[in-house]
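> I'd like to go over a predicted model; first the sequence, then the structure.
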Amino acid sequence: MTNELIIKDLHVQVENKLILKGLSLRIRQGEIHAIMGPNGSGKSTLAYTLMGHPRYQVLKGDILYKGQSLLGLAPDERARMGLFLAFQYPVAIPGLSLANFLRAAVDAVKGDQQGNNGKPSIPVTEFRRRLNEKMALLQMDNSFAQRYLNEGFSGGEKKRAEILQMAMLEPEIVILDETDSGLDIDALRVVAQGVNSLVGPEMGVLVITHYQRILNYIKPQFVHILAHGQIVASGGPELALQLEEEGYDRYTKNANGG
Ligand SMILES: Nc1ncnc2c1ncn2[C@@H]1O[C@H](COP(=O)(O)OP(=O)(O)OP(=O)(O)O)[C@@H](O)[C@H]1O
Ligand SMILES: [Mg+2]
């Protein structure tokens, strides 16, 4: 059975402002989709809504995953169903090492919630083995896991930490918001290679970006343009290249006055 994320006629309001106005999209496991769109078009709004951020109010429409509506589910329940959101602006937590953060995250998302009396459900040795394996896959130095979460991390290191988190959680649907922002070309390549090494028939990916650049490395089969709160065009990778040439003008004029 393929698990499909189905976004149907989604209307989302933030602080009394209607941002998404009937957005529909389907993502199957094994597919890579990219959403592009101008600043303020609602890309991050979509990402936060998918993860269940309480500030983003769904007024109409539905989000279905594995045949179930996600709308009543809290973010952690969505994560346990297999969704993962890489944030545009990751937070720093002084005093918490990356390794301990990942341990807690893995337990929260993959652990047995019933009857483990608060004990971590993955043995330490097994956790370490998997952590080392994933860090090697992402070409990360072992010492990196002992640093405090995001504290003093460079932009590229934050992104690597995020991709490492993704590798450890083994999600089925990944939403990457603006993962190219602030990355130099080498870091971008590493992040993209990391994502690519994890993508497979088991994982669906939604890459949210306004530059075509990252799509040279993470190759989407489907590209969608978000404007005026809706998907206004969909196509293959050629659509991203066309945007790079022509900009968003064609899609942003002639409606709502902007
Ligand atoms: N918490 C909030 N409070 C008020 N307005 C918000 C909030 N979150 C989003 N908005 C508004 O919603 C609109 C869409 O914002 P969003 O962050 O989704 O755009 P975006 O497409 O991700 O833009 P960017 O390309 O700059 O990241 C903007 O007008 C923004 O000001
Ligand atoms: Mg954004």
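Good, I have the coordinates. Ligands and ions are numbered 1, 2, ... in the order given.

> next, name the residue at the spatial heart of this structure.
residue 175 (2.0 Å; Cα atoms, centre = their mean).

> surely that one forms part of a helix?
No - looking at residue 175 with DSSP: H, G, I helix; E, B strand; the rest coil, it is strand, so not inside a helix.

> partner residues bridging it?
Per DSSP bridges, the residues bridged to residue 175 are residue 85, residue 206.

> mind checking how far it is from residue 5?
Relative to residue 5, residue 175 is positioned 9 Å away (criterion: Cβ to Cβ, to the nearest Å). Every residue, glycine included, has its C-beta placed from N, CA and C.

> overlap in contacts of these two?
50, 83 (Cβ atoms under 8 Å, 6 or more residues apart in numbering).

> residues from the stretch 101-250 of the chain in reach of ligand 1?
178, 210 (Cβ under 6 Å from any ligand atom).

> now the strands for the stretch 101-250 of the chain?
Counting by DSSP state E, counting those that start in this stretch, the stretch 101-250 of the chain has strands at residues 148-149, 173-177, 204-209, 222-227, 230-235.

> helices of the stretch 51-200 of the chain, start to end?
For the stretch 51-200 of the chain, helices defined by DSSP state H, counting those that start in this stretch occupy the ranges 75-81, 98-110, 124-137, 155-169, 185-198.

> winner for burial among the ones you listed?
helix 155-169 (a mean of 21; mean count of other Cβ atoms under 10 Å).

> next, the angle from that one to strand 204-209.
160 degrees (axes from the mean of the first three to the mean of the last three Cα atoms, to 10 degrees).

> hey, C-alpha coordinates of helix 155-169 in CSV?
Only the C-alpha atoms of helix 155-169 are listed here, as CSV (Å, rounded to 0.1, in the frame of the first residue of the first chain):
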residue,chain,number,x,y,z
GLY,A,155,24.0,27.9,9.0
GLY,A,156,25.3,24.9,7.3
GLU,A,157,25.8,23.0,10.6
LYS,A,158,22.2,23.7,11.6
LYS,A,159,21.0,22.3,8.4
ARG,A,160,23.2,19.2,8.8
ALA,A,161,21.8,18.7,12.3
GLU,A,162,18.3,18.9,10.9
ILE,A,163,19.0,16.4,8.2
LEU,A,164,20.6,14.1,10.9
GLN,A,165,17.4,14.4,12.9
MET,A,166,15.5,13.4,9.8
ALA,A,167,17.8,10.5,9.2
MET,A,168,17.2,9.3,12.8
LEU,A,169,13.5,9.6,12.7
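
> before we move on, the earlier item: pretty sure the residue nearest to the centre of the chain contacts residue 48?
No - between residue 175 and residue 48 there is no contact under Cβ atoms under 8 Å: 9.4 Å.

> need the overlap of contacts for the two.
residue 85.

> show residues contacting stretch 137-156.
By Cβ under 8 Å, 6+ apart, the list of residues contacting stretch 137-156 reads 90-99, 101-102, 131-132, 135, 157-158, 160-161, 163-164, 167, 181-184, 186-187, 190-191, 193-194, 197.

> okay, buried residues for that stretch please.
For stretch 137-156, the neighbour count (16 or more other Cβ atoms under 10 Å) marks 138, 140, 144, 145, 148, 149, 150, 153, 156 as buried.
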